[in-house]
Structures are given as C-alpha cells and as structure tokens.
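S.K.: with the sequence up front, the predicted model follows.
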Amino acid sequence: MKILVAIKRVVDFNVRIRTRPDGSGVELANVKMSMNPFDEVAVEEAVRLRESGAATELVVLSIGPAATQDILRAALAMGADRAIHVRTDQRMEPLGIAKIIKGIAETERPDLILLGKQAIDDDCNQTGQMLAALMDRPQATFASAIKCDAGTATVTREVDGGLETIRISLPAIITTDLRLNQPRYASLPNIIKARKKPLEEVDAGSLGLDLAPRLSVINVTEPAKRSAGRRVGSVDELIDLLRAETKLI
Amino acid sequence: MATLILADYVSGSLAQSTARTVSAAAEIGSEIDILVAGSACEAIAREAARITGVRKILLADDAALDHQLAEPVSELLAGLAADYDVLMASTSSVAKNIMPRVAALLDVMQISEIIAVVSADTFKRPIYAGNAIETVRSSDAKKIITVRTTAFEPAGQDNAAPIEPVAAPRPATASVFLDMQTSKADRPSLTSARVVVSGGRALGSKEEFDRLIGPFADKLGAAIGASRAAVDAGFAPNDYQVGQTGKIVAPELYIACGISGAIQHVAGMKDSHVIVAINSDPDAPIFQIADYGLVADLFVALPELTTKI
Ligand SMILES: Cc1cc2nc3c(=O)[nH]c(=O)nc-3n(C[C@H](O)[C@H](O)[C@H](O)COP(=O)(O)OP(=O)(O)OC[C@H]3O[C@@H](n4cnc5c(N)ncnc54)[C@H](O)[C@@H]3O)c2cc1C
Ligand SMILES: Nc1ncnc2c1ncn2[C@@H]1O[C@H](COP(=O)(O)O)[C@@H](O)[C@H]1O
C-alpha cells in the first residue's frame, strides 16, 4: 500500500498572532512557522502504517513558497520516503489545493491519501472532503483511529455525538484528528538522513489547473476584545454576584 | 436569492442550530428551503416546517441516507443545487463532513463558519482560532456556506411550510456505517445549554472529574464541557471538548474549572455571555477573559459551590 500525505506550513500553534494595522492580513514577518499540527499527526500515522508493514511507500506533499521545504524535510525526518514540493507564491484556497493534490495523486496513484482535518491558520476544514469529491473516492474525516486491511480502512471518527466508526474501500481519503496519535520527535540522525532523501520540485503553474482564488480578502481585523472582569475573594461572593447578575443560579 | 439549508438534527430531533442557520440565510434572501436528509426522518421535517420564514421543506427519507454519510448526502445536495443560489448548513460535524464535498462537486470555494453576513456575496469569518476576523467576498456564482450558529439568533416557530419528498441518489462511491458510540445524554446538549461547566487537566482523573464536575453541573442544570487536555487524558469523552477543534459554545454562563485558557480553548467559549474562571494560579490566562475570577483550589471550591448553590 502506498500513502500520500498532504502537509501545510502554518504559523506555529504557540504563536500569538497579530493583524497588520492596515487590515491587509496577519503579520507573518519573523513569525515561527511549523507543520500544521493535524498534518504532523497524519505523517505520524502514515509512518506507523509503514512500520507495521501495512504500507510500503510514504510520499509527502506540500504546496507553497520556497520555505515550504522546511516542513517537507521535517516529514522526511519523521520517516517519509520522499517529498514533493509544488511551488507557488500565490495565495491558495482549499479548492485549488485539492485540485493540485488530485493532479499529483493521478501520477503517484496512492491507495490512501491522508490530510489534516483543518489547517490552523485558515480554519477551513475543507481540503480532504473536496479532494475526495474531485477524485470520486470515499472519505473518512476527523479520524481518531485507523485500521487498514485487505483494500479497506476502518476509521473511527470524532463527531458531535461521540465516536462513529465507518468502513471505506481504498483508494480513499482520510483526514486526521489530534487524538489519532502522538507524533514523534525526529532524532538527530534521522534529521541528517532526511537531507539526502529525494525532494522533487514541481511548479504549480506547470500543472495546467485553474487555481485562481474564488474568495477575495477585503480585510483582516482583530476580534472584539474581552476584558478581564473582577476577582472575587470567596465562593460566597461568587454565588452572590452570579445570583444578582445572571439570575441563572 | 434562493437558499437551501441542510437541516441539522441529533438523536431524532431537529437541532436549534437549524433555526439559527435560517436567520443567517434570511440576511441574504427571503426564499429559504430546508432539506431534511436521512432515514426515518419525517418527524424532523415536520419540526423544520414550523421555522418562521421557511418556504418549503424537502424531505429525502431513504435508507441510503441513513447516518447522513458524506457520499450520498453530498450527491443529493449537488443534485438539488441547480434551483438555488446559496447552499447553507451549520457547523455540525455532519455538515463539516458533507458541505466541502458538495462545494467541490460544484467547483465552488466554500465559505466556512461565517459569523456575519455583510452582503449577499461578502461575509465575516474567524481565522487563526478566532484571533483574527477575515472579511471575504466570493466570486462564485453559487455560494456554499457553513454558519457558526452561536453568532445568529434562532428564527421563530410559527410556520407550517409544506413538505415535498425528494428522491435520494445511489452513488457508486460509498462508505459503510459500522457503529456509533454515543456518550449518554442525560444532560442538556453542550451547544444549546444556557449554562456550561467545563473541567480541565487540573481535575487529575476521570473519577475526580465525575465527582466534582458532575454534581455541580447537575445542580445548575448545566451541560458539561472539557479542555482538550482533559479529553486526551480520558477524564471526559471527546464530544465534551470545547475549543478550536472541539465545539464552539456561547452559553449565558460558562464556568471554567482548572482550565488555563490556551488560545485554542478560548476560541470555543469566548463569546459566552458571562465567564467564570476557577483556577489556583492567579496568573492563568483564563482570568484575562473571565468576568469573575476565583483564585482557589478547585478541590475545595467546587464542593463548596455545589453545596451552597
Ligand atoms: C492544533 C491544536 C488544537 C487544539 N484544540 C483545542 C481545543 O479545541 N480545546 C482545548 O481545550 N484545547 C485545545 N488544544 C490544546 C490547548 O493548547 C491546551 O493544551 C489545552 O487547552 C490545555 O488544557 P487545560 O487548560 O485543561 O490544561 P493546562 O493548560 O495544563 O491547565 C491546567 C490549569 O489548571 C490549574 N490548576 C492546577 N491545579 C489546580 C487546582 N487544584 N485547582 C484549580 N486550578 C488548578 C493550573 O493553574 C492550570 O492553569 C489544541 C492544541 C493544538 C495544538
Ligand atoms: N498548501 C497545502 N499543501 C499541502 N496540504 C495542504 C495545504 N493546505 C491544506 N492542506 C491539507 O489540507 C488540510 C486541511 O486544510 P484546510 O481545508 O485549509 O483546513 C491540511 O491539514 C493539510 O493536510
């Protein structure tokens, strides 16, 4: 079984972002960037499937500017075999990303494509589902457990009411939730080895796809701020205040 | 402008988020239909028919739509799309699974989790866990939108819209439902409760979580929430998680117990009307957004609160 994992470079989850004063976007200069946390989980799952013998080849793919190669190297250090960098300096949206992943998947022919459920910058939660539609493949989103055997995957999904388990036939698309696994830290020898692993560059423009954004960003602003209220000194004071001000207790 | 809304329902009854989505749709145009898709879901269609402002209900009641799996429901919606300018749904896990699939079938870029309608093609939505608000204009002829329902009031309940049956497609690509593990629902639902009591890592174990949070929530008639740390540690089931990747809640009263206030948690509860934080660390970030902060050991404060309320 061959696995393709799509990963995105995003502002690190620990960074407190700031919006640019002119409203043109979020300040990205001198900000720490990392692999999207959900995508790290996806890479980890794929590495485990390969370690268990269920998968034989693991390719990682990322779309973005030159610096995107950092996270591809990080995925190679975690255990991926090779990487594909689809290069573009344009602002991309999930629909365009899904078209590119489909384009790459048509040549790579993976049995399983893993994506994160959501990129923590745009918070779209769309790309995997879109890819499944474009490829006319079954999908299992928000996975917290995956079991692959004999051309099928049994996937437990985190849904509003609890945990849903479905079976899909491969080839298929799965998007990962955070509880699927705990991603490993790459060891120093593996980081060094990753430098020698193959990383292929493809120019997004060469794929002949319609990648023009459909949404134009009018502005990006700070949300309404909530300010700190008051400290209360005791449980009794808290109860009195809640009784007086919320009437809910 | 005609809008088709995918009804949101849980355990056999219509979710209030559907009436909230109708309010969002009404800001775009007045012809609003609701699609109820599933198996044995006629009662839900009758509930949906009461929502004020709805023109008609489309009822796709078919065993093939059982459990609202993504492949058949997205095919159904894409097939109905020709008659509509806007397809809309809430941000339930069912809708998040289905709507982007519909969007790609129609070659449309979805607008996720809108919190405001600026005009028929321009919307506001949170990005970066709600730390920035983006205003976007869509150039797609058809709009596919999911709605963060905490940002919209529910529409009224005085209607009797007609119900029309529609046929379900039989897509070749399909997944198979195997099992659903539901946490027992003897409390109000997290996303519609007026009061939410949430517990964090500080509870230390499932036993302590149940012993301290359970009775307190019962006394308040509250739903229970949890931080990701508490869910990851097995103190609470996954569907209790509040935050960027869990549920978005905006109750009248949110009580955070032993939760530090990480941005990813705050993303899911900062629109609550009144926020109370109980934390032993006076510098915990949760106090920066709390209306009432009690610096205390929750193992002392929670039993006292439960007795005195
Ligand atoms: C991509 C991503 C998505 C995420 N999504 C979510 C999400 O949806 N929801 C979410 O909640 N988190 C999410 N997280 C995790 C988040 O970053 C935090 O790790 C998490 O919210 C911490 O949970 P906590 O506050 O319970 O634990 P901690 O941060 O460990 O805080 C525990 C708090 O308890 C206090 N405390 C300790 N003992 C006591 C006591 N005896 N009495 C009173 N107080 C006490 C401490 O002072 C501390 O403030 C996400 C993280 C990532 C990377
Ligand atoms: N530029 C990108 N390159 C590769 N994969 C991406 C990219 N953008 C999004 N993805 C994948 O799609 C998932 C969901 O992203 P989104 O739909 O934007 O929330 C991410 O977790 C990634 O797995």
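M.R.: Alright, I've got the coordinates. Ligands and ions are numbered 1, 2, ... in the order given.
S.K.: in stretch B:195-209, what's buried?
M.R.: With burial defined by 16 or more other C-beta atoms under 10 Å in any protein chain shown, the residues of stretch B:195-209 counted as buried are B:V195, B:V196, B:V197, B:S198, B:G199, B:G200, B:R201, B:A202, B:L203, B:G204, B:E208, B:F209. In short, each C-beta sits where N, CA and C put it, glycine included.
S.K.: in the stretch 101-250 of chain B, which spans are helices?
M.R.: Applying DSSP state H, counting those that start in this stretch to the stretch 101-250 of chain B gives helices spanning B:206-220, B:228-232.
S.K.: for chain A, that is, sorry about that
M.R.: Along chain A, the stretches classed as helices by DSSP state H are A:37-51, A:69-78, A:94-108, A:127-135, A:188-194, A:235-246.
S.K.: what residues does chain B have near ligand 2?
M.R.: Nowhere does chain B come near ligand 2, counting by C-beta under 6 Å from any ligand atom.
S.K.: which regions of chain B lie under the pLDDT threshold?
M.R.: Of all residues in chain B, none has pLDDT under 70.
S.K.: mind redoing it with 90?
M.R.: Filtered on pLDDT under 90, chain B yields the residue ranges B:1, B:10-12, B:30, B:170-174, B:182-189, B:192.
S.K.: next: chain A.
M.R.: A:149-150, A:224-228, A:245-249.
S.K.: so which residue of it comes closest to ligand 2?
M.R.: Residue of chain A nearest ligand 2, by C-beta to the nearest ligand atom: A:G116 (2.4 Å).
S.K.: from ligand 1, how far off is B:G38?
M.R.: 28 Å (C-beta to the nearest ligand atom, to the nearest Å).
S.K.: among the helices of chain A, which is nearest chain B?
M.R.: Chain B lies closest to helix A:127-135 among these, at 3.7 Å (C-beta to the nearest C-beta).
S.K.: run me through the strand neighbours of the longest strand along chain A, direction for each.
M.R.: Ranked by residue count and defined by DSSP state E, the top strand of chain A is strand A:139-149. Strand A:139-149 has the following strand partners under DSSP bridges: strand A:152-159 (antiparallel), strand A:172-176 (parallel).
S.K.: now the ones you listed as TSV including distance to ligand 2?
M.R.: Conversion of the strands paired with strand A:139-149 to TSV gives the following (distance: least, C-beta to the nearest ligand atom, whole Å):
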stretch	distance to ligand 2
strand A:152-159	15
strand A:172-176	7
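S.K.: got JSON lines for those strands, with mean neighbour count and distance to B:L253 too?
M.R.: Below are the strands paired with strand A:139-149 laid out as JSON lines (neighbours: other C-beta atoms under 10 Å in any protein chain shown; distance: least, C-beta to C-beta, whole Å):
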{"stretch": "strand A:152-159", "mean neighbour count": "22", "distance to B:L253": "26"}
{"stretch": "strand A:172-176", "mean neighbour count": "29", "distance to B:L253": "34"}
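S.K.: setting aside sequence neighbours, what's the nearest residue to the residue of the stretch 51-200 of chain B found nearest ligand 1?
M.R.: Per C-beta to the nearest ligand atom, the residue of the stretch 51-200 of chain B with the smallest distance to ligand 1 is B:G200, at 2.6 Å. Distances taken as C-beta to C-beta, 6 or more residues apart in numbering or on different chains place B:I259 nearest to B:G200, at 3.5 Å, with adjacent residues excluded.
S.K.: grab the most central residue of chain A for me.
M.R.: Centroid-nearest residue in chain A: A:G116, 3.2 Å away (criterion: C-alpha atoms, centre = their mean).
S.K.: doesn't A:V43 make contact with it?
M.R.: No. The criterion here is C-beta atoms under 8 Å, and A:G116 misses it with A:V43 at 9.5 Å.
S.K.: mind listing the shared neighbours of these two?
M.R.: Both A:G116 and A:V43 are in contact with A:I7, where contact means C-beta atoms under 8 Å, 6 or more residues apart in numbering or on different chains.
S.K.: near ligand 2, which residues of chain A show up?
M.R.: A:6-8, A:36, A:38-39, A:61-64, A:92, A:94, A:97, A:115-116, A:118-119, A:122, A:124-128.
S.K.: so which of those are also by chain B?
M.R.: By C-beta under 8 Å from any C-beta of the partner chain, the members of the residues of chain A next to ligand 2 lying near chain B are A:P94, A:Q118, A:D122, A:C124, A:N125, A:Q126, A:T127, A:G128.
S.K.: now the buried members of those.
M.R.: Among those, those classed as buried by 16+ other C-beta under 10 Å are A:P94, A:Q118, A:D122, A:C124, A:N125, A:Q126, A:T127, A:G128.
S.K.: my read is that the second one contacts B:G243, right?
M.R.: No. Taking contact to mean C-beta under 8 Å, the distance of 11.9 Å between A:Q118 and B:G243 leaves them out of contact.
S.K.: got the contact list for the residue of chain B found nearest ligand 2?
M.R.: Residue of chain B nearest ligand 2, by C-beta to the nearest ligand atom: B:P100 (7.3 Å). B:P100 is in contact with A:P94, A:C124, A:N125, A:Q126, A:T127, A:G128, A:Q129, A:M130, A:A133, B:Q110, counting by C-beta under 8 Å, 6+ apart.
S.K.: and those, which is closest to ligand 1?
M.R.: Once C-beta to the nearest ligand atom is applied, the member of the contacts of B:P100 that ends up nearest ligand 1 is A:N125, at 12.1 Å.
S.K.: and the gap between the closest residue to that closest one other than its chain neighbours and B:V36?
M.R.: In space, A:N125 comes closest to A:Q118 once its chain neighbours are excluded; the distance is 4.2 Å by C-beta to C-beta, 6+ apart. Distance of A:Q118 to B:V36, computed by C-beta to C-beta, to the nearest Å: 27 Å.
S.K.: same check, this time on B:A19
M.R.: According to C-beta to C-beta, B:A19 and B:V36 sit 14 Å apart.
S.K.: swap in A:L188?
M.R.: From A:L188 across to B:V36, the span is 57 Å (C-beta to C-beta).
S.K.: who has more neighbours out of those two?
M.R.: B:V36 (28 against 9; other C-beta atoms under 10 Å in any protein chain shown).
S.K.: my guess is the more buried one contacts B:D62, does it?
M.R.: No. Using C-beta under 8 Å, B:V36 is not in contact with B:D62, being 11.3 Å away.
S.K.: surely A:L72 touches A:G64?
M.R.: No. Using C-beta under 8 Å, A:L72 is not in contact with A:G64; the gap is 9.8 Å.
S.K.: which residues are common contacts for the two?
M.R.: Taking C-beta under 8 Å, 6+ apart as the contact rule, A:L72 and A:G64 both touch A:H85.
S.K.: one step back: looking at the strands paired with strand A:139-149, which is nearest to A:I101?
M.R.: A:I101 sits nearest to strand A:172-176 of all the strands paired with strand A:139-149, at 9.1 Å, using C-beta to C-beta.
S.K.: what sits up against the closest one?
M.R.: Residues contacting strand A:172-176 (C-beta under 8 Å, 6+ apart): A:38-39, A:41-42, A:45, A:112-117, A:128-129, A:131-132, A:135, A:137-143, A:146, A:153, A:155, A:168.
S.K.: can you tell me which residues in chain A are near ligand 1?
M.R.: Neighbours of ligand 1 within chain A, by C-beta under 6 Å from any ligand atom: A:F13, A:P37, A:I120.
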